[in-house]
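no sequence on hand, only this structure:
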């Protein structure tokens, strides 16, 4: 657990709150559209993990690289992806980040550093090393952050990438969002390890486990990891403990989660806890509500824009396969 | 002009690309000077010139190697990743197929992935079932990448430069038995464009379509049959996918007969795709069915006589050509 030497700067705290609510309101809106039948696409809910993504993105610079997964809405919106393009892509429209050809599982926006969203568990981890390797080769000072779940920590590529990153001291942060489930399998049922962060020792890497539901723990840990990587000391494995408060994907059954687990996660919900911290730090209810209202208005406009946007031309299936050469 | 071996040709192509562009770098197992410049010495002497960051010796971690190449390519670099032996692609297919090949398309063209994946293989050296396979068809079946293999040293130099220039992934297959082949050095800057076949021997009776090491067998057989009055045209694809359909079809339109030849196993091989295309597009020119030769449909065996029985032989090529000509 990171030491809290001093409280988070008030502007930074507001920044984290704003990013957190952006993630949360986007998630709420997506579920609403799915419930209403206005949209019918695969969507992996991020309820319960908003703060981890927001704190991680708030610790990065705008030009840092991010690699995320199908459950990547948090990183994408918190990093600042243009939301009209984000919604356009999720709805399979020509106005999307990927012209409707990637979809919810492959959101890509290099302008905001969202370099890869992979639909294959764990596959982003080795790719993050390559982005960081390029930064090391070029000396451009960027760091790369790759986000993945606890389930991904059991795939071979995780181990290969950890070992390689530490060997080369790559400026990369491995953010394991331990949401206690790998698809439908509980953490204790997919590994006998009690900690993913502890695996860092095996590679000679710095590893930290942190409470992902407490802004005063997760943000300093992320800021510290980013500083470690950026200063050339090498990679860090951060295990952020959090909860996936919904099923694996929208609409999927999660009756397999025991009652005690549901009660535990309700008590640890990061949103009321963050709100409490904000109020303690002298932000007013009105200020916080106004932030959410502004976010909602932006999301509503972006959703409408996406709903009204044209479909991609069917010719697109032949384009971007290989570079077009004259 | 001096002669160079295929190993030297590849080395020179990589060397000059690295000298011209700081973004070109190599990574793979045993590639740096500390390990002797690669198992087959292709990267020999480059660490001394460019340093260990640009000739990165990696752990034995194929997924991490290709993943790193993909990431570096997305950040604007031009990595040359080595998978020591082609069978080891089985370890990292996800990175190649789901990521390198698809990221351009899935991102709507935003993230092209210019990587070269160098890999070695070949039947005939006693390496057995997990170190010998030609697996080009696996990659030819995936949209979003090029598959290349040279049959001579000059092409190796030119294809490697073109592969490094390409803005998409290229699987570059080197045959172990071809490293020592010599050609006249085509010189600095030489490029063989991707997607262009060569016709190293003109002929009028049958088109023998092949690539890589079996081009040598094809040329030898063509020379022998010439003495018997059978005129074989040899087409060396050089780029296996996407291949030069125009050259293949023009050749078959001229000769009216076609035989495909590859070392890879015959079922579902690239020869089947080429044969099907010829039959669709050259039906009216054909004087008989398109024939195919490939390796035996089993694992590559170890014992020398078994391995030689497994691999397509020159006699088999002669027999298939004569059968096509109605001379058997």
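Sure, I can see it. For clarity, every value in this text was computed on a predicted model and none was experimentally measured.

can you pull the pLDDT of residue A:164?
Looking at residue A:164, its pLDDT is 98.

swap in the one 5 residues further on?
Per-residue pLDDT puts residue A:169 at 98.

name the nearest residue to it, ignoring sequence neighbours.
Once flanking residues are discounted, residue A:169 sits nearest to residue A:234: 3.8 Å by Cβ to Cβ, 6 or more residues apart in numbering or on different chains. C-beta coordinates here come from the backbone N, C-alpha and C atoms, glycine included.

and what of residue B:220?
Leaving aside its sequence neighbours, residue B:220 sits nearest to residue B:314 (Cβ to Cβ, 6+ apart; 6.3 Å).

which ones are touching the one you found?
Each residue near residue B:314 by Cβ atoms under 8 Å, 6 or more residues apart in numbering or on different chains is listed here: B:217, B:220, B:221.

which residues does the residue nearest the centre of chain B contact?
Nearest residue to the geometric centre of chain B (Cα atoms, centre = their mean): residue B:149, 1.8 Å. Residue B:149 makes contacts with B:136, B:172, B:173, B:174, B:175, B:211, B:212, B:238, B:240, as judged by Cβ under 8 Å, 6+ apart.

count the residues that sit near the third one.
Pointing back at residue B:173 there. Close neighbours of residue B:173, defined as other Cβ atoms under 10 Å in any protein chain shown, add up to 25.

show me where the chain dips below the pLDDT cut-off.
With no chain named, the answer covers chain A. Flagging of chain A using pLDDT under 70 yields the residue ranges A:1-5, A:326.

the intended chain is chain B.
Using pLDDT under 70, chain B drops low at B:1, B:328.

about what we covered before: so the residue nearest to residue B:220 versus residue B:304, what's the distance?
Residue B:314 sits 17 Å away from residue B:304, going by Cβ to Cβ, to the nearest Å.

how about residue B:42?
For residue B:42, the distance to residue B:304 - Cβ to Cβ - is 26 Å.

of those two, which one has the most company?
Using other Cβ under 10 Å as the criterion, residue B:42 and residue B:304 rank with residue B:42 on top: 27 against 11.

where's the closest residue to that one other than its chain neighbours, which helix or strand?
Once flanking residues are discounted, residue B:42 sits nearest to residue B:10: 4.9 Å by Cβ to Cβ, 6+ apart. Using DSSP states H and E, residue B:10 sits in helix B:6-20.

the residue nearest to the spatial centre of chain A in helix, strand or coil?
Chain A has residue A:75 as the residue nearest its centroid, 3.2 Å off, counting by Cα atoms, centre = their mean. Under DSSP: H, G, I helix; E, B strand; the rest coil, residue A:75 falls in the helix class.

and the gap between it and residue A:299?
Separation of residue A:75 from residue A:299 (Cβ to Cβ) stands at 17 Å.

pull the contacting residues for the closest residue to residue A:300 other than its chain neighbours.
Once flanking residues are discounted, residue A:300 sits nearest to residue A:29: 7.8 Å by Cβ to Cβ, 6+ apart. By Cβ under 8 Å, 6+ apart, residue A:29 lies in contact with A:296, A:299, A:300, A:303.

now do the contacts for the residue in the stretch 151-300 of chain B that chain A sits nearest to.
Proximity of the stretch 151-300 of chain B to chain A (Cβ to the nearest Cβ) peaks at residue B:167, 4.4 Å away. By Cβ under 8 Å, 6+ apart, the contact list for residue B:167 reads A:323, B:112, B:114.

okay but the second one is in contact with residue B:168, surely?
What that stands for is residue B:112. Yes - contact status for residue B:112 versus residue B:168: in contact at 6.3 Å, counting by Cβ atoms under 8 Å.

list residues touching both of the two?
Counting by Cβ under 8 Å, 6+ apart, the shared contacts of residue B:112 and residue B:168 are A:323, B:104.

can you count the residues close to residue A:210?
25.

ugh, typo on my part, it should be residue A:173
Neighbour count of residue A:173, defined by other Cβ under 10 Å: 28.

for residue B:129, same thing?
Using other Cβ under 10 Å, residue B:129 has 12 other residues around it.

so how far is the first residue of stretch A:265-272 from its last?
One end of stretch A:265-272 to the other measures 12 Å (Cα to Cα, to the nearest Å).

please report which of the contacts of residue B:167 has the highest neighbour count.
The most neighbours of any of these, using other Cβ under 10 Å, belong to residue B:114, which has 25 neighbours.

in the sheet, who's paired with residue B:78?
For residue B:78, the beta-bridge partners under DSSP bridges are residue B:24.

other SSEs contacting the helix holding residue B:10?
Packing partners of helix B:6-20 (3 or more Cβ pairs under 8 Å, 6 or more residues apart in numbering or on different chains; DSSP states H and E): strand B:24-29, helix B:46-50, helix B:153-165, strand B:182-184.

now do the SS call for the residue of the stretch 151-300 of chain B closest to chain A.
What three-state DSSP gives for residue B:167 is coil.

find the residue closest to it in space, skipping its chain neighbours.
In this structure, residue B:167 finds its nearest non-sequential neighbour in residue A:323, 4.4 Å apart by Cβ to Cβ, 6+ apart.

what sits against the residue nearest to residue A:179 when sequence neighbours are not counted?
Leaving aside its chain neighbours, residue A:179 sits nearest to residue A:244 (3.8 Å; criterion: Cβ to Cβ, 6+ apart). Residues near residue A:244 by Cβ under 8 Å, 6+ apart: A:45, A:47, A:48, A:49, A:179, A:180, A:181.
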